[in-house]
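Enquirer: coords please:
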Amino acid sequence: MAAGGFCKLPNGTVVVALNLPSPADRGPGSVRVLVHARNRARALTRLRNLGLRAVYLRGNAAPPTPDEVTAVLHHPDGLIWRTAPGSGAAVTELWRPIRSLLRPSTAPA
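Expert: Below you'll find the model as predicted:
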């Protein structure tokens, strides 16, 4: 389960924002994931197809901000992430493509 929310755009599509636990190799804390899709169900399906199986959206407690909506609409994949603001990250952190979150870390052991 994840905290998050959504907003419906004038063209009928939605932007879903979720706060998810950070993958183990990315350190403690959480990440904010944004998905642009036709509807909420399709947005969650896109995440589940990437291997994030236990992703659910219950309620609308943390909808995407206008800046987040703009960021995801301008990304070609419509699926981006960054460290969640509440976990000590700077607000100026750039959005990254979801591929960089899901691939193994290349940091030396």
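Enquirer: Could you work out the end-to-end span of stretch 59-76 for me?
Expert: Separation of the first and last residues of stretch 59-76 by C-alpha to C-alpha, to the nearest Å is 27 Å.
Enquirer: try stretch 43-60
Expert: OK, stretch 43-60 end separation, C-alpha to C-alpha: 15 Å.
Enquirer: So in this structure, where's the weakest helix or strand by average pLDDT?
Expert: Ranked by mean pLDDT, DSSP states H and E, the weakest helix or strand in the chain is helix 98-102, scoring a mean of 84.
Enquirer: For Pro97, which residues are in contact?
Expert: By C-beta atoms under 8 Å, 6 or more residues apart in numbering, the contact list for Pro97 reads His75, Asp77, Leu79, Ile80. Yep, even glycine has a C-beta here, placed from its N, CA and C like the rest.
Enquirer: What residues sit buried inside stretch 38-55?
Expert: By neighbour count with 16 or more other C-beta atoms under 10 Å, stretch 38-55 contains the buried residues Ala43, Leu44, Arg46, Leu47, Leu52, Val55.
Enquirer: For the helix or strand containing the second one, what does the pLDDT average out to?
Expert: With secondary structure defined by DSSP states H and E, Leu44 is part of helix 40-49. The average pLDDT within helix 40-49 is 93.
Enquirer: I'd like the numbering to begin with 46 instead of 1 from here.
Expert: Renumbered: residue one is now 46, and that last one reads helix 85-94.
Enquirer: Convert the C-alpha atoms of the next helix or strand after that helix to CSV, please.
Expert: The C-terminal neighbour of helix 85-94 among helices and strands, as given by DSSP H and E, is helix 111-118. Output of helix 111-118 as CSV, limited to C-alpha atoms (Å, rounded to 0.1, in the frame of the first residue of the first chain):
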residue,chain,number,x,y,z
PRO,A,111,1.0,21.3,-10.6
ASP,A,112,4.8,21.2,-11.0
GLU,A,113,4.7,17.4,-10.8
VAL,A,114,1.9,17.2,-13.4
THR,A,115,4.0,19.4,-15.7
ALA,A,116,7.1,17.2,-15.2
VAL,A,117,5.4,13.9,-16.0
LEU,A,118,3.6,15.4,-19.0
